[in-house]
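Peer 1: can't give you the sequence, but here's the structure:
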Ligand code: AMP
């Protein structure tokens, strides 16, 4: 099989994977092994020329932009952070939905002057506050953002909110919506042209599965 008739799909591990695997199965694309029981990172699937790999969401855009993976599944939050110029984004899977929001300690008075904002999403946060005309000191963290305000590191955080329970458990409340988030399909630009014959029907199957799942 030449590289031109093989497709690699990069999936985001974790919460997105749990929701995306059933959708892929409905589209007729299922790994031949149990992904959760294997230490392998790349798997053959029920479609002979299609493999899936399972990686961190923040690495999915990189793999797809450089063409090591032809297709990716990744949250819109990470696409907004990474920038979307390097690939096409043809399909919203409407899964793993959540919101990118600002949050602050419950009842905190509005900050005057420069605002200290802790986040994993440095680019989104800089853009958002610049658009609001608010000057910030950005504090880049890689996790446990919810601790930053109570530890005196930040006035606000910018983070993913789903049920809001994580914020609440840490004495925080959501303030402003920056963007709604869901999982998206991205496609390498060259692969979309060169492997159109395989990719187009795959996208159609996934799109049909999304529509079927959305029906009441
Ligand atoms: P919750 O307590 O339900 O508001 O969930 C908040 C935490 O779960 C966040 O800090 C995120 O790290 C994570 N989370 C929730 N939904 C998603 C999602 N769709 N994609 C990625 N992370 C998520």
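Peer 2: Okay, I see it. Computed from a predicted model, the values in this text were never measured in an experiment.
Peer 1: now the chain, which segments are flagged as low pLDDT?
Peer 2: By pLDDT under 70, the low-scoring segments of the chain are 1-4.
Peer 1: quick one: name the residues of it near the ligand.
Peer 2: Residues of the chain lying close to the ligand by Cβ under 6 Å from any ligand atom are 15, 75, 96, 98, 159-166. Backbone N, C-alpha and C define where each C-beta goes, glycine included.
Peer 1: apply the buried test to these and list what passes.
Peer 2: 15, 75, 96, 98, 159-161 (16 or more other Cβ atoms under 10 Å).
Peer 1: show me the residues you listed that map onto helices.
Peer 2: Mapping those onto helices (DSSP state H) picks out residue 15.
Peer 1: please report how far the closest residue in space to residue 145 that isn't next to it in sequence lies from residue 78.
Peer 2: Leaving aside its chain neighbours, residue 145 sits nearest to residue 157 (4.6 Å; criterion: Cβ to Cβ, 6 or more residues apart in numbering). In this view, residue 157 and residue 78 are 17 Å apart by Cβ to Cβ, to the nearest Å.
Peer 1: more neighbours, the two?
Peer 2: Neighbours of residue 157 and residue 78, each counted by other Cβ atoms under 10 Å, are more numerous for residue 157; the result is 29 against 23.
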